[in-house]
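Colleague: Structure for the following, please:
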Amino acid sequence: MEDKMGSECEGPEMSLVCLTDFQAHAREQLSKSTRDFIEGGADDSITRDDNIAAFKRIRLRPRYLRDVSEVDTRTTIQGEEISAPICIAPTGFHCLVWPDGEMSTARAAQAAGICYITSTFASCSLEDIVIAAPEGLRWFQLYVHPVLQLNKQLIQRVESLGFKALVITLDTPVCGNRRHDIRNQLRRNLTLTDLQSPKKGNAIPYFQMTPISTSLCWNDLSWFQSITRLPIILKGILTKEDAELAVKHNVQGIIVSNHGGRQLDEVLASIDALTEVVAAVKGKIEVYLDGGVRTGNDVLKALALGAKCIFLGRPILWGLACKAAGRSLRSIETWSSFPGCKKKGPITRLLRLPTGGSQTHSTVCDAVLPGPHSVRRLMAHISHISNTSTPVLQALQTPVFPKCSMPFFVSLTIICCSLA
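Modeller: Numbers count the residues shown, from 1 in each chain. Below is the predicted model of the structure:
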């Protein structure tokens, strides 16, 4: 990856060495209304902040003297290979931070070999995004409109353009109470290229589009399944009850997400909800996560707790803004090698959850151990036990990485760097 960056990412002026640096630099380059749009949360932003804080409550138990000389970060999502389990979440209006908008984002995802979920609220046309990165892995995120025909036209369009999955966002029956956007009247200045009226071909203002279906129910999923061959991923699930219903309704995946804390405030942090959801699906469908991921260790924790892949939202926009600033970026690689992992060798991942204090706040992730058997994920079963040295484990017979063992290499900033 470093070779791909070339000399463009080198030099004494480079000071962007972590996502916090990208965030700070992006803030300097963007208008107040755009900063508020990206950074804002719903109401008091408690969930937005807790998404990050919850990761920091999890501790790792490292194991050493294991051969990690050969590593391979590849995995698959919905049967498609990606270079690392770090992909791009759907966020809207990328043209706010860089003129090429989603076209630049798509090119970066293609160069990195990862999946990019394009938002309904993209500021570039779907056709332009596909032309910009014709070989990239793309999923499409749908806000369900009350007009069914509009949804059908859009789904058929993305399917014809080569998108590989349909991501239906569940947590927006009404728009979150984002105070900064209301004060800035930002929505009146935004237009959508793709969500068009069936009778008119022109782009429509965002504020005219805001009625998202308030009647969407579980039984409606069969209608979507009847009009597309794409795998359907549900985004916004936070509880085991909804996860079980997702399996019952034959969807292909779940993104554990609280919309970056932008919808309903004071709900669970994504990482705190992950274990419950993973345990509920019992390995029958893939589970992903977005929200609060800021370091390589955060990705490691999400994977250890059962996520197949994580998706980044705000950090991608920070990287895009840094491109707009014309800054040279440098790849910063964080290696947290899972001890004992050899390239394409089987592993057993172990999670341990002590009961001292609040269980949610005292999660401990063991390092990966070498295993002679087929790959399986061991999930911590949350229950009270008298001896904290004896974790209660529930085995799920689910491949974690079908093609490789997973030492953990992650470069979050390299994705931002690819945008430059």
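
Colleague: And the contacts of the host helix or strand of Asp49?
Modeller: Element membership for Asp49, per DSSP states H and E: helix 46-56. With contact meaning C-beta atoms under 8 Å, 6 or more residues apart in numbering, helix 46-56 is reached by 40-42, 258, 260-262, 264-272, 291-295, 297-298, 301, 360. Quick note: C-beta positions are derived from backbone N, CA and C, even for glycine.

Colleague: Give me the subset of these lying in helices.
Modeller: Judged by DSSP state H, helices contain the following of the contacts of helix 46-56: Ser270, Ile271, Asp272, Asn297, Asp298, Lys301.

Colleague: any idea which of the residues you listed is closest to Gly319?
Modeller: Asp298 (16.6 Å; C-beta to C-beta).

Colleague: my guess is the closest one contacts Gly291, does it?
Modeller: No. Contact between Asp298 and Gly291 fails when scored by C-beta atoms under 8 Å: they sit 10.1 Å apart.

Colleague: Overlap in contacts, the two.
Modeller: Common neighbours of Asp298 and Gly291 (C-beta under 8 Å, 6+ apart) are Ile271.

Colleague: Weed out the non-buried ones from the contacts of helix 46-56.
Modeller: Buried by 16 or more other C-beta atoms under 10 Å: 40-42, 258, 260-262, 264-265, 267-272, 291-295, 297-298, 301, 360, out of the contacts of helix 46-56.

Colleague: Now Ser222. Nearest residue, chain neighbours left out?
Modeller: His249 (7.5 Å; C-beta to C-beta, 6 or more residues apart in numbering).

Colleague: wait, doesn't the one you found sit right on Leu221?
Modeller: Yes. His249 sits in contact with Leu221 when judged by C-beta under 8 Å, with a separation of 4.9 Å.

Colleague: the more surrounded of the two?
Modeller: Neighbours were tallied for His249 and for Leu221 using other C-beta atoms under 10 Å; the higher tally belongs to Leu221 (19 against 15).

Colleague: Where do the strands of the stretch 101-250 of the chain begin and end?
Modeller: For the stretch 101-250 of the chain, the strands defined by DSSP state E, counting those that start in this stretch cover 115-118, 137-142, 166-169, 191-192, 204-205, 232-237.

Colleague: tell me the most buried of those?
Modeller: Among those, the stretch with the highest mean neighbour count (mean count of other C-beta atoms under 10 Å) is strand 115-118, at a mean of 26.

Colleague: other SSEs contacting that strand?
Modeller: strand 86-88, helix 102-112, strand 137-142 (3 or more C-beta pairs under 8 Å, 6 or more residues apart in numbering; DSSP states H and E).

Colleague: Looking at the ones you listed, spot the one closest to Thr228.
Modeller: Closest among these, once you apply C-beta to C-beta, is strand 137-142, at 10.1 Å.

Colleague: Run me through the strand neighbours of that closest one, direction for each.
Modeller: strand 115-118 (parallel), strand 166-169 (parallel) (DSSP bridges).

Colleague: what's the model's confidence in that strand, averaged?
Modeller: When pLDDT is averaged over strand 137-142, the result is 98.

Colleague: show me where pLDDT drops low in the chain?
Modeller: 1-14, 176-177, 179, 181-182, 185-211, 324-420 (pLDDT under 70).

Colleague: again, only this time at 50
Modeller: 1-13, 195-210, 324-363, 366-417, 420 (pLDDT under 50).

Colleague: As a markdown table, the helices and strands packed on strand 115-118 with distance to Leu148 would be great.
Modeller: Listed next are these as a markdown table, based on distance: least, C-beta to C-beta, whole Å:
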| stretch | distance to Leu148 |
| --- | --- |
| strand 86-88 | 28 |
| helix 102-112 | 26 |
| strand 137-142 | 12 |
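
Colleague: With respect to Val277, which of the ones you listed lies nearest?
Modeller: strand 86-88 (17.9 Å).

Colleague: Now do the closest one: which elements does it pack against?
Modeller: Short answer (3+ C-beta pairs under 8 Å, 6+ apart): strand 86-88 packs on helix 102-112, strand 115-118, strand 309-312, helix 412-418.

Colleague: export these to TSV and tack on distance to Thr228?
Modeller: Putting the helices and strands packed on strand 86-88 into TSV (distance: least, C-beta to C-beta, whole Å) gives the following:
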stretch	distance to Thr228
helix 102-112	21
strand 115-118	16
strand 309-312	21
helix 412-418	29
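
Colleague: Of the ones you listed, which is nearest Leu216?
Modeller: Short answer: strand 115-118, nearest of the helices and strands packed on strand 86-88 by C-beta to C-beta, at 18.8 Å.

Colleague: rewinding a little: go through the helices and strands packed on strand 86-88 and name the closest to Thr76.
Modeller: strand 309-312 (9.1 Å).

Colleague: so which of the strands paired with strand 137-142 gets nearest Pro146?
Modeller: When these are compared by C-beta to C-beta, strand 166-169 sits nearest Pro146, at 14.5 Å.

Colleague: For the closest one, list the C-alpha coordinates in CSV.
Modeller: Only the C-alpha atoms of strand 166-169 are listed here, as CSV (Å, rounded to 0.1, in the frame of the first residue of the first chain):
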residue,chain,number,x,y,z
LEU,A,166,-28.9,-3.4,-1.2
VAL,A,167,-28.5,-1.8,2.2
ILE,A,168,-31.9,-0.7,3.7
THR,A,169,-31.6,1.9,6.5
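
Colleague: Can you name the residues in contact with that strand?
Modeller: So strand 166-169 is contacted by 90, 117, 139-144, 155, 158, 221, 224, 228, 230-236, 255, 259 (C-beta under 8 Å, 6+ apart).

Colleague: follow-up on the earlier one: closest one to Leu312 among the strands paired with strand 137-142?
Modeller: strand 115-118 (10.3 Å).

Colleague: residues in contact with the closest one?
Modeller: 77, 80, 82, 87-90, 102, 105-106, 109-110, 126, 129, 133, 136-141, 158, 163, 167, 309, 311.

Colleague: which ones are touching Phe163?
Modeller: Counted by C-beta under 8 Å, 6+ apart, Phe163 has contacts Thr118, Arg138, Trp139, Phe140, Leu230.

Colleague: Rebuild these as a markdown table, extending it with distance to His25.
Modeller: Converted to a markdown table, these look like this (distance: C-beta to C-beta, whole Å):
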| residue | distance to His25 |
| --- | --- |
| Thr118 | 25 |
| Arg138 | 28 |
| Trp139 | 29 |
| Phe140 | 30 |
| Leu230 | 37 |
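
Colleague: Alright, calling it a day.
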